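when you get a sec, could you give me coordinates for this:
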Amino acid sequence: MDVPRKRRQTGPYTLMRCPYCGNTQDRVVDSRESREGDVIRRRRECVACARRFTSYEKIERLPFQVVKRDERREPYARDKLMQGLMVACRKRPISAAQLEELADSIEMVMQESGEREISSLQLGFLVMERLRALDPVAYVRFASVYRRFEDVEAFVKELHQLK
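Numbering: from 1, shown residues only. Okay, here's the model as predicted:
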């Protein structure tokens, strides 16, 4: 009779629990990496109830702090970045996948910098740089909020630079 191996719990980690019966013993049926290689998808089968479920493993990255214009620090939030991108790209021919790729590329630059803090000015510049290449209208929308244009002249000047 084949008896499943008992997993040891080491350090602060918890065991994988079956979402159906709560059992901590399962076997991996299939493992696949994402295209980018940053996530591993595992199909698991519970030893007790024989139901299958999926788990995802992702490298935990150290959290970033965004340094605001008034020197306050707050945790970087991807959902805030995505919300700003969606507002700028509303009613534009830009897919959600393109916005996700844009956010991924910004986060990649942040990761590669080795710094744990980024100023909101740098972050805004990274966004504008990518939006300018993706869609000029979305770029102008984002820039008008980000750069806080005080008058029409500054806005028109930015439009002329876009050409």
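
contacts, neighbours, all on C-alpha from now
Fine.

domain parsing for this protein?
11-60, 65-162 (automatic domain parsing).

including mean neighbour count, could these go into a markdown table?
Formatted as a markdown table, the domains of the chain follow (neighbours: other C-alpha atoms under 10 Å):
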| stretch | mean neighbour count |
| --- | --- |
| domain 11-60 | 13 |
| domain 65-162 | 14 |
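
could you dump those to JSON lines with mean pLDDT?
Listed next are those as JSON lines, based on pLDDT from 0 to 100:
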{"stretch": "domain 11-60", "mean pLDDT": "85"}
{"stretch": "domain 65-162", "mean pLDDT": "88"}
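
quick one, strands of the chain?
Remark: strands assigned in the chain by DSSP state E are 26-33, 39-46, 52-58, 65-67, 73-75, 117-119.

what about the lengthiest helix in the chain, distance to the chain center?
Criterion DSSP state H: the longest helix present in the chain is helix 96-113. Centroid separation for helix 96-113 versus its chain: 7 Å, with C-alpha atoms, centre = their mean, to the nearest Å.

for that helix, packing partners?
helix 78-88, helix 120-134 (3 or more C-alpha pairs under 8 Å, 6 or more residues apart in numbering; DSSP states H and E).

got a markdown table for those helices, with distance to F142 too?
Shown next, in a markdown table, are the helices and strands packed on helix 96-113 (distance: least, C-alpha to C-alpha, whole Å):
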| stretch | distance to F142 |
| --- | --- |
| helix 78-88 | 5 |
| helix 120-134 | 7 |
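
nearest to F53, of those?
Of all the helices and strands packed on helix 96-113, helix 78-88 sits nearest to F53, with 26.8 Å by C-alpha to C-alpha.
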